[in-house]
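Asker: Everything below, folded, please.
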Amino acid sequence: MTDWDDDLTRMQGLMLIQETSGAQNLLAYGTRALRQSAFLETTRDPIMTMLSIGVEKALKTALGLAHVAEHRVWPPKSTFKNRWRHNLVLMNDDLMATLNERLPFATHRGVVEPLLEKVRANAAWNPIVAALSRYGQSGRFYYLDALAEDPQSDDEPSAYWNEAEIALLNSRPDFQSQLYAAANDQAEWERRSAELTGYMAEAIEDWWDLIATAGKHAMLSERGKTWGFEIDRKSVGRQIRS
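Answerer: Take a look at the predicted model:
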């Protein structure tokens, strides 16, 4: 195993590899399911389960490596437990701020910065994170809690996902018009709906590309260079039997 210029133990290095693999595979399977979903009513829970966990793992490993870059050690468990917990919105805000602050450390800033700006400009990304955060924190039990006559005060996760779709449509008025115009043509509606889920998956993949590229370009510690290749969506192994 490579000797890194940090104070992580060999065991921590192995655990990082496992956590990174989990993040990569969940993101890959989740975005695949999103792109191929026939009806969100039958696939929303599997998709949001995979993506909420995959995004959380990716965020926590990226933030952890940013901490290693500054302090040579992995953040203490209290940081994950007391600050970030399962709040993807907070973690995403922290990571985006960290990437902005660490742009001067990038080996090729001109490669990373456009990806950062692309994610910032995507109207769907923050609402997607909010939807996955809502689902991962407690929304996955929304109906179960209501069944136990202890309803949650926040909206159900599907409402958050709908908000993400609305944000995306509002940012693409031409496509929005095409989608709504297809309402009375089943074949066209299905084609346009597939485009919509494709755009949603693309927003996630753009963020995925950003964090992998930031890693490869030394923004998340020297160890993070290898992590960037390990989490890259282009290096996902075979997941489906042919």
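Asker: in which helix or strand would I find the residue nearest the centre of the chain?
Answerer: What sits nearest the mean C-alpha location of the chain, by C-alpha atoms, centre = their mean, is Val55, with 3.5 Å. Taking DSSP states H and E as the definition, Val55 sits inside helix 40-71.
Asker: which stretches of this structure aren't confidently modelled?
Answerer: 1-2 (pLDDT under 70).
Asker: Could you rerun that using 80?
Answerer: For the chain, the stretches flagged by pLDDT under 80 are 1-3, 39-41, 242.
Asker: ok, which stretches of it are helices?
Answerer: With helices called from DSSP state H, the chain shows them at 10-36, 40-71, 77-78, 88-101, 109-121, 125-137, 142-147, 157-171, 173-181, 186-216, 222-231.
Asker: now for the helix holding Val55, which elements pack on it?
Answerer: helix 10-36, helix 88-101, helix 125-137, helix 157-171, helix 186-216, helix 222-231 (3 or more C-beta pairs under 8 Å, 6 or more residues apart in numbering; DSSP states H and E). For the C-beta atoms, the positions are set from N, CA and C on the backbone; glycine is no exception.
Asker: what's the closest of the ones you listed to Gly237?
Answerer: With C-beta to C-beta, the closest approach to Gly237 among those belongs to helix 10-36: 7.7 Å.
Asker: Summarise which helices and strands that closest one is packed against.
Answerer: In this structure, helix 10-36 packs against helix 40-71, helix 186-216, helix 222-231, with contacts taken as 3+ C-beta pairs under 8 Å, 6+ apart.
Asker: measure the nearest residue to Glu156 once chain neighbours are set aside to Ser78 for me?
Answerer: Of all residues not flanking Glu156 in the chain, Tyr142 sits nearest, at 4.7 Å (C-beta to C-beta, 6 or more residues apart in numbering). Distance, Tyr142 to Ser78, using C-beta to C-beta, to the nearest Å: 29 Å.
Asker: who's more crowded, these two?
Answerer: Between Tyr142 and Ser78, counted using other C-beta atoms under 10 Å, Tyr142 has the larger neighbour count: 19 against 8.
Asker: Who are the contact partners of that one?
Answerer: Shown in contact with Tyr142 (C-beta atoms under 8 Å, 6 or more residues apart in numbering): 152, 156-157.
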